[in-house]
Every structure is written in structure tokens, then in C-alpha cells.
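Enquirer: Please find the sequence and the predicted model below.
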Amino acid sequence: MSSSQEPLKRVLVTGGAGYIGSHVVFALQETRRYKVISIDNNHNSDPKALKRVAQIAKDALPEDATEQDKDSAEIDSHSCDLTQAQEVRAVFEKYGKGGIWGVIHIAAYKAVGESTEKPLLYYQNNVSATVSLLQTMGEYECFRFVYSSSATVYGTPPTIPIPETTRLQADSPYGRSKVMCENILNDLCHAEPEKWRAISLRYFNPGGAHPSGLIGEEPRGRPGNLFPLLAHMAVGRVPADLKVFGNDYPTPDGTCVRDYIHVIDLARGHLLALDALQPESKVFDNCPDEAKIKAYNLGKGKGMSVLQIVEAMRTATGFNYQYEIVGRRRGDVPDLTADPTLAEKELGFKAPQTLETMCKDLWNWQTKNPRGYED
Ligand SMILES: NC(=O)c1ccc[n+]([C@@H]2O[C@H](COP(=O)([O-])OP(=O)(O)OC[C@H]3O[C@@H](n4cnc5c(N)ncnc54)[C@H](O)[C@@H]3O)[C@@H](O)[C@H]2O)c1
């Protein structure tokens, strides 16, 4: 069956070739309601990701697909650096004033440790580039914005599960770059409430991959996050010298607890955010003033410990992980579990996929692409 033939809405995805970006592009294309424009400089991604995601969309087209459906399966991909305002302007110029319906701004640097060593690089890439993107959007009369924020904005939160009303107090330059961008958006939406609508999505810990195994997470160097680290160990890409940092936290098994969410569930949350930017949406009705800005947690609302993840990956991969318990790592907090009630209530958000599916899909991606997009 072909999709209803409302004209396609052009949505610009920054960081479209990255881990989360490629899955968001998949989710957009799956609807056949959007024309995806991607901006990425491939600082941390491979352009093949976009080719593969477009292939997924083409393979899913029905036999009676219209020309418009086929168009929705193609990506307008721009190799461009967001810190270079003139490059971004050239992309907007191509579509003209009002030509881009909305922006999902995903591109950023994201390594917490690196951000403490190179704070200016992080503020330039994550904050200055966002300001300049918003300026260009304004020039080209594009006022709908979905922002990739992070649970790191909460730092060490006083309440678990974490509600959105928690004070923002990030512990690293990376986290602060996210807080700054949220604040900038807030100021902009207050300054021009008749124009702008913005939603910040505070991601918890994404894991897994598209079930086709065609796209997935491909960190450069030794993975800093648990899921890709375990996958790389099982595939023999890094030594299997797993260290668990602390087993004396006040959690059920003593190891740190995080809220892992399947990347496909996370990606589909962006569709709900776009719907919430439509004129008929009610999500801004309960804002305290006329500014149309909201922030939502995207998590499962269920914490999982390091050891639970290791065991789930052992089942999925068959790899016999051996680990050593070492001392606590500076900066780690015992539990970061989301309260996703607001996103569920106002956006209709759900994250139904299980930990087992996350591990299975990750392993499927890793075994099909042991060296990532290089293969
Ligand atoms: N992965 C996580 O665990 C996680 C958790 C919370 C929030 N986030 C946020 O989600 C977003 C995406 O994360 P990811 O895991 O997909 O990372 P990623 O590195 O895979 O994707 C980011 C993409 O942005 C691109 N990019 C970076 N700077 C750019 C620039 N100046 N111009 C153009 N493109 C640029 C990179 O090349 C990459 O393709 C980031 O904003 C990150 O802060 C990620």
C-alpha cells in the first residue's frame, strides 16, 4: 500500500551518518512522510552509513510505491561542517526560505573525558555550531527544532528515577555544552515565541542496532561505552580485559545502574517530537508562559546494572566474559535511571524493546561488520 500523498516535509538531520543519526534517518524514512536532508562532516562516522540506511528504505518500499515514496527513500546528503556557517548557509540556500520544515540537531562531540581535555573544542563544536545553525535557520524561516540532549545534563541527580524538573548541573564540559544549548534554545523561544518551537530530547543510554545489521554503532578506537566495548571484545577487536569499576555501590548487585534504551525506540521518539512541533499539537499548552519549548527524557525507566548487561551479552554472543572488579571510577554515579512519564504522557513515547533484543541486534550488527563500515 502506498503512503497518503501529503507532500513530503523536508527535515534536516545534522549528524545523520552517526550512530543515533542513522537510526533517526531510518525512522523518518520508514514513515515515507519526510524527505531527509543530512549534514555530516564524518568526523566520527562513515558516509556508507547513509547509503545503507537509504538501502533499507528502498528495500521496504511497497510494489505500488509512488514517485514520492521513492523520493522519500533517497537522502539529500551534504558533506559539511556545522562550525562553518557559510557551508551550512549553502545547504539552506539550496532549499530556499521556508524550504526546510524542521531540523533535528544530533551532531556533536560526545566524549566526556576528551571534553575535559579540550573544552574549547567542545564548546565550539557543540555550542557555537548550534548558535550558528539557529541563526541560519532564522534567516531561512525554519523555526522547528529537535535537539539531542543527554542525561548528562543532570550530573549527579538528587532523585531517582530522574524527572525533567531536576536542576541541570552537568559535571563535564560535554555535559555543560548540552546544558548551554538547552538554555540558548530556551532564551530564543522566549525572545521570539511566535516563531520558534523547540524540543530537547534527553537521551539515556542507547544500545543495539537496526535488526538488519546494516547500520550500527562504530566508535573510533577502544569503545568508551559498555555495550560496544563488550561487542568489540566478543568479536576479538579489543583485548577481553573487562574491568568493572566498583561493586560496592548502593544498587542491587553493587555495580552501577544505567537506563539502556534500544536505539530504534530512541529514534522513533524523534518522530513523536516532530509531530509535537505541528501547529495542532497540544504539548506546549501547559508551558508556564508563551514560549514553546519542552524537554523530555527518552529512557525506558528501568535501570540495568553493569553485571546484568555483561550477562545479557554473554547469552547473546556466547562469549565467556571474564571480568575483574576494580575500584570505583571518579565521576561515576550509582544510578542514572530516567523517569520517562512525561514523554509517555505528552508525546505518547514508548520504549518496548527488551535488553535481550538490544544485545541480539548489537551482536547481529557486530558479527556482520566486525570492523564496522570498513568491511
Ligand atoms: N550515544 C550516546 O550514548 C548518547 C547519549 C546521550 C546523548 N547523545 C547525543 O546524541 C548525539 C549523537 O550521538 P551519537 O552517539 O550518534 O554520536 P556519533 O559521533 O555517532 O554521531 C555524531 C555525528 O555528528 C557528526 N558531527 C560532529 N561534529 C560535526 C560538525 N561540526 N559538522 C558536521 N557533523 C558533525 C559526526 O561526524 C557524527 O556522524 C550527540 O549530540 C550526543 O551528544 C549520545
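Expert: Thanks, I have the structure now. Numbering: from 1, shown residues only.
Enquirer: Now the element after the helix or strand of the chain with the lowest mean pLDDT, going C-ward?
Expert: The weakest-scoring helix or strand in the chain, judged by mean pLDDT, DSSP states H and E, is helix 112-117 (a mean of 93). Following helix 112-117 in sequence order, the next helix or strand is helix 119-122 (DSSP states H and E).
Enquirer: which parts of that following helix are buried?
Expert: By neighbour count on 16 or more other C-beta atoms under 10 Å, the buried set for helix 119-122 is residue 122. Every residue, glycine included, has its C-beta placed from N, CA and C.
Enquirer: what stretches of the stretch 1-150 of the chain score poorly on pLDDT?
Expert: Filtered on pLDDT under 70, the stretch 1-150 of the chain yields the residue ranges 1-4.
Enquirer: Show me the helices in it, by range?
Expert: 19-31, 48-59, 67-72, 85-95, 112-117, 119-122, 129-139 (DSSP state H, counting those that start in this stretch).
Enquirer: helices or strands up against the third one?
Expert: Yep, that's helix 67-72 we're talking about. Where contact means 3 or more C-beta pairs under 8 Å, 6 or more residues apart in numbering; DSSP states H and E, helix 67-72 is packed against strand 34-40.
Enquirer: ok, back up a step: who are the packing partners of the least confident helix or strand of the chain?
Expert: Secondary elements touching helix 112-117 (3+ C-beta pairs under 8 Å, 6+ apart): helix 173-191.
Enquirer: Return the distance of the helix it packs on from the chain's centre.
Expert: Averaging C-alpha positions (C-alpha atoms, centre = their mean, to the nearest Å) puts helix 173-191 17 Å from its chain's average.
Enquirer: so does it get close to the ligand?
Expert: No. Figure legend: helix 173-191 not in contact with the ligand (C-beta under 6 Å from any ligand atom); closest approach 6.6 Å.
Enquirer: which residue sits closest to the closest residue to the ligand within the chain, ignoring its sequence neighbours?
Expert: Closest residue of the chain to the ligand, C-beta to the nearest ligand atom: residue 18 (2.1 Å). Leaving aside its chain neighbours, residue 18 sits nearest to residue 45 (4.6 Å; criterion: C-beta to C-beta, 6 or more residues apart in numbering).
Enquirer: Could you report the neighbour count for the one you found?
Expert: 22 (other C-beta atoms under 10 Å).
Enquirer: Now do the phi/psi pair for it.
Expert: Reported as degrees, to the nearest 10, the phi and psi values for residue 45 are phi -160, psi 170.
Enquirer: What parts of the protein come near the ligand?
Expert: 15, 17-21, 39-45, 81-83, 106-108, 110, 125, 129, 148, 150, 203, 205-206, 225.
Enquirer: Please convert the buried members of those into ChimeraX selection syntax.
Expert: Buried members of these, defined by 16+ other C-beta under 10 Å, are picked up in ChimeraX with:
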select :15,17,18,19,20,21,39,40,41,44,45,81,82,83,106,107,108,110,125,129,148,150,203,205,206
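Enquirer: now, which of the residues of the chain next to the ligand lie within strands?
Expert: Using DSSP state E, 39, 40, 148, 150, 203, 205, 206 are the members of the residues of the chain next to the ligand that sit in strands.
Enquirer: Closest to residue 174 out of those?
Expert: The shortest approach to residue 174 among these belongs to residue 150, at 8.1 Å (C-beta to C-beta).
Enquirer: what does stretch 54-63 rub up against?
Expert: Counting by C-beta atoms under 8 Å, 6 or more residues apart in numbering, stretch 54-63 makes contact with 1-2, 26, 29-30, 69-70, 72-75, 210, 212, 214-215, all of which sit outside it.
Enquirer: just stretch 220-239 next, same as before
Expert: Looking at what lies outside stretch 220-239 - C-beta under 8 Å, 6+ apart - the contacts are 44, 111-113, 205, 207-208, 217, 219, 240, 242, 258, 260, 306, 309-310, 313, 317, 319, 321, 358, 362-363, 365-367, 370-371.
Enquirer: Could you give the average pLDDT over it?
Expert: Here stretch 220-239 scores 94 as its mean pLDDT.
Enquirer: Kindly export that stretch (C-alpha atoms) in PDB.
Expert: Only the C-alpha atoms of stretch 220-239 are listed here, as PDB (Å, rounded to 0.1, in the frame of the first residue of the first chain):
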ATOM      1  CA  ARG A 220      36.600   5.000  16.800                       C
ATOM      2  CA  GLY A 221      39.400   3.400  18.900                       C
ATOM      3  CA  ARG A 222      38.600   1.500  22.100                       C
ATOM      4  CA  PRO A 223      34.900   1.900  22.900                       C
ATOM      5  CA  GLY A 224      34.200   4.000  26.000                       C
ATOM      6  CA  ASN A 225      30.700   2.700  26.400                       C
ATOM      7  CA  LEU A 226      29.800  -0.700  27.800                       C
ATOM      8  CA  PHE A 227      27.700  -2.200  25.000                       C
ATOM      9  CA  PRO A 228      30.100  -1.500  22.100                       C
ATOM     10  CA  LEU A 229      33.100  -2.500  24.400                       C
ATOM     11  CA  LEU A 230      31.500  -5.900  25.100                       C
ATOM     12  CA  ALA A 231      30.700  -6.400  21.400                       C
ATOM     13  CA  HIS A 232      34.300  -5.500  20.400                       C
ATOM     14  CA  MET A 233      35.700  -7.900  22.900                       C
ATOM     15  CA  ALA A 234      33.400 -10.800  21.800                       C
ATOM     16  CA  VAL A 235      34.500 -10.200  18.100                       C
ATOM     17  CA  GLY A 236      38.200 -10.100  19.100                       C
ATOM     18  CA  ARG A 237      38.700  -6.500  18.200                       C
ATOM     19  CA  VAL A 238      40.000  -5.400  21.600                       C
ATOM     20  CA  PRO A 239      41.600  -7.400  24.400                       C
END
